[in-house]
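Trainee: next input, structure requested:
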Amino acid sequence: MSIFTWWRDGRRRRWLDQAFPDAWLDTLNANIWQYECLPTETQRKIRKCVTIMVREKTWVGCKGLKLSEGMKVTIAGKASLLLLGVEDFYFGAVQSILVHPAAYVHQPQATINLFGGSGSGPVGPRAILGESWSRGPVVLSWREIEAESRGQRLGRNLVVHEFAHQLDDINGGMDGDLPIFEHALRKRWEEISEMEYTRHLGAVQRGQPTLLDPYGATNRAEFFSVASETFFEQPHRLHQEHPELHAVLQDFYRIDLTRWIPSHVARQRQPASVSQGANEHSAGQRGEPTDAAAGGALPEFSELPELQNADDYFTRAVSFFLDGLAEQAVHDFTRARELNPNDGEAHQQRALAWLELGEIDQAREDCQQALTLDPRDHDALRTRGSVLLLQGEFSAALNDLNRVLDHDNRDVKAYYFRGRARAALGEPAQAIADFNEALAVHPHWPQALLQRGLAHHALGHEKRARTDLAKAHHLNPEIDAETL
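Mentor: Below is the predicted model:
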């Protein structure tokens, strides 16, 4: 035993030999709703964790906030929930806990994209509630914690969320790859978390209500922290709606709150499912050809106000298209073309709108018009390649898409469409290579996963095929998981 460990353990024993203050106990009963439901020995464990964390951590009130002992006990008590199943661990990497009065403004250095990983480039200032830094500190908003403690944020627990990131960081990196040393449990976590994260991401993209907070779709690290919040705040619902996820988290945290917390108490803390609008930046959705033709000629829109020039019509058309109003977009792109016949971009964009309406021939004609104006219009080449795919002209489609990728070897949609063309031409290995390029950028693109699964099936790679198809189905249940 090192001299430091001997000194630290002796100091802790002296703290723990002292009576737990009555005021602290009142705070736990008032602000940690789970506390009164726990067995006596488990309550004692929380008091031990609270004592050590309050005494050992450096507590900093930011922007003039004066931290009371009650505030420290509340935060330490919530963090202690994560430690009920372990011994002699008190978030040693967290030296400091910074508490802001409310949400605070932070200028991050990089964005986090929906598909996982850090994006590049600065983004504007944003108000945030908390942060968890590798090797500390943890930063929290007291107003949010207070609202949660009063039952105004049912189902949420900011402290659990941020300190779960610290557990994730134990083996290096907050990435959802948990510090699990038992091989069987690690394998279960990898398999179940992959399935549950994929399903959650798909539901959020479709705007469906979810038990887990939609923020969990940000990346795997956030999924673990959001799942941990639900595990401690809504244990019965998690057990009922996501039994496998509940079971693996139960084994990771080594506790099962459903044994101790009566279901009627849990129901009182149960919010409605959380919903979020579909993400408009989902890969492979916007502008991708559909197999079913809707038919229909150019509609009349006498109710739309007349605009001044071609640019105004083009701008409004793009807005209509992004809002899913393809017919209105076709109308305005047409007006833009009438006022400026040499605008190749209006031709190309109207082709995408025609595709949304299932009008394949009109889409091809617009692509041809755009390419007549500019034979090097790679957007028009990509769109025409997708049209040729739908019309069964696979070699011609391949030629267009090769030209696009010769110009820009980072064009993700071109890789996807070229993979479709190669698969149709009986080249599944080359198709897989193209789908791999697309999925390297957007690993949760259901159509690309489906097509890669079919290509693997063509090569006899049945295990890989089933894996891709199952993942595609989790993201989009309309994809038949039994296709193979």
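Trainee: contacts, neighbours, all on C-alpha from now
Mentor: Fine.
Trainee: secondary structure element holding residue 247?
Mentor: Using DSSP states H and E, residue 247 sits within helix 243-253.
Trainee: what's that helix in contact with?
Mentor: 82-86, 180, 185, 188-189, 192-193, 196, 228, 231, 235, 238-239, 256 (C-alpha atoms under 8 Å, 6 or more residues apart in numbering).
Trainee: got a quick ChimeraX command for the buried subset of those residues?
Mentor: A single ChimeraX command selects the buried members of the contacts of helix 243-253 (16 or more other C-alpha atoms under 10 Å):
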select :82,83,84,85,189,192,193,196,228,231,235,238,239,256
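Trainee: in this protein, where's the longest helix?
Mentor: Under DSSP state H, the helix in the chain containing the largest number of residues is helix 183-205.
Trainee: does anything pack onto that one? Which helices or strands?
Mentor: If you count contacts as 3 or more C-alpha pairs under 8 Å, 6 or more residues apart in numbering; DSSP states H and E, helix 183-205 packs onto helix 243-253, helix 462-475.
Trainee: immediately after it, which helix or strand?
Mentor: That would be, after helix 183-205 and using DSSP H and E, helix 220-233.
Trainee: tilt between that following helix and helix 183-205?
Mentor: Orientation check (axes from the mean of the first three to the mean of the last three C-alpha atoms, to 10 degrees): helix 220-233 against helix 183-205 gives 100 degrees.
Trainee: and helix 220-233 with helix 243-253, angle?
Mentor: 90 degrees.
Trainee: who are the neighbours of helix 220-233, in terms of helices and strands?
Mentor: So helix 220-233, by 3+ C-alpha pairs under 8 Å, 6+ apart, packs with helix 158-168, helix 243-253.
Trainee: one more pass at 7 Å, please.
Mentor: helix 158-168 (3 or more C-alpha pairs under 7 Å, 6 or more residues apart in numbering; DSSP states H and E).
Trainee: measure the residue nearest to residue 42 when sequence neighbours are not counted to residue 354 for me?
Mentor: Spatial nearest neighbour of residue 42, chain neighbours left out: residue 84 (6.8 Å); criterion: C-alpha to C-alpha, 6 or more residues apart in numbering. To residue 354, residue 84 is 58 Å away according to C-alpha to C-alpha, to the nearest Å.
Trainee: so, low pLDDT: which residues of the stretch 201-350 of the chain?
Mentor: Within the stretch 201-350 of the chain, the segments meeting pLDDT under 70 span 272-304.
Trainee: do that again at 80, thanks
Mentor: By pLDDT under 80, the low-scoring segments of the stretch 201-350 of the chain are 264-305, 308, 322-323.
Trainee: and what of the stretch 351-484 of the chain?
Mentor: Within the stretch 351-484 of the chain, the segments meeting pLDDT under 80 span 478-484.
Trainee: which stretches in it count as helices?
Mentor: Along the stretch 351-484 of the chain, counting by DSSP state H, counting those that start in this stretch, helices occupy 360-373, 378-390, 394-407, 412-424, 428-441, 446-458, 462-475.
Trainee: how far does the last one sit from its chain's centre?
Mentor: Averaging C-alpha coordinates over helix 462-475 and over its chain gives two centres that are 19 Å apart (C-alpha atoms, centre = their mean, to the nearest Å).
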